[in-house]
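Colleague: no FASTA, just this:
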């Protein structure tokens, strides 16, 4: 989650910077569904989530429900921007998800690799807790004396006294 007060940053690489990381570029070109599942899993989501982008539109179109925005790439992209405090807008995420889906998956893969190399460090300071209550005082134990003398040896329960005549 983005930290309030911290300035927003840019993506580590641009959407079309595929040549910056040739391994990711080749992975995305030859097997984009595998790359999408890898990104989803590395981001902490279900690795099968990108299958919604692959199977979802075809199944929904067969039922007469057209869908044009791939849900997995859009949700992971928006989640990544939110978690890492990256500049952008939901409108831009929708456009990239619709028209440059593979490039978007490659960009997110490069971003996760960059974040893994340079983890975000958050310093948390503990503030001392000040107690405003008075210090409890220990009072000496008082011995309670019974109102009537109890005959020893004839008590069966602590509060019940049996007397014999």
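Modeller: Cool, the structure landed. On a predicted model such as this, the values are computed, not experimentally measured, just so you know.
Colleague: show me what contacts residue 76?
Modeller: 39-40, 43, 45, 49, 108 (C-beta atoms under 8 Å, 6 or more residues apart in numbering). C-beta coordinates here come from the backbone N, C-alpha and C atoms, glycine included.
Colleague: helix, strand or coil: sort out it for me.
Modeller: When classified by DSSP: H, G, I helix; E, B strand; the rest coil, residue 76 comes out as helix.
Colleague: among the contacts of residue 76, which one has the most neighbours?
Modeller: In terms of neighbours by other C-beta atoms under 10 Å, the contacts of residue 76 top out with residue 39 at 30 neighbours.
Colleague: mind checking pLDDT for that residue?
Modeller: Looking at residue 39, its pLDDT reads 91.
Colleague: that older thread, show me the contacts of residue 76 that map onto helices.
Modeller: Residues of the contacts of residue 76 located in helices (DSSP state H): 39-40, 108.
Colleague: return the member of these nearest to residue 54.
Modeller: residue 40 (12.1 Å; C-beta to C-beta).
Colleague: gap between residue 32 and residue 62?
Modeller: 23 Å (C-beta to C-beta, to the nearest Å).
Colleague: possible to save the contacts of residue 76 as a markdown table with distance to residue 115?
Modeller: Shown next, in a markdown table, are the contacts of residue 76 (distance: C-beta to C-beta, whole Å):
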| residue | distance to residue 115 |
| --- | --- |
| 39 | 12 |
| 40 | 15 |
| 43 | 10 |
| 45 | 15 |
| 49 | 19 |
| 108 | 10 |
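Colleague: greatest separation within those: which pair is it?
Modeller: 49 and 108 (12.5 Å).
Colleague: any weak-confidence spans in this structure?
Modeller: Along the chain, the model assigns pLDDT under 70 to residues 1-5, 57-58, 66, 118-125, 127-136, 138-165.
Colleague: which residues of it fall in helices?
Modeller: 22-30, 32-42, 51-62, 71-84, 90-99, 101-117.
Colleague: pretty sure residue 32 sits against residue 103.
Modeller: No - using C-beta atoms under 8 Å, residue 32 is not in contact with residue 103; the gap is 9.8 Å.
Colleague: just the ones in helices among the contacts of residue 76 now: which is nearest residue 96?
Modeller: Nearest to residue 96 among the ones in helices among the contacts of residue 76: residue 108, at 10.2 Å, using C-beta to C-beta.
Colleague: name the nearest residue to that closest one, sequence neighbours excluded.
Modeller: residue 39 (5.1 Å; C-beta to C-beta, 6 or more residues apart in numbering).
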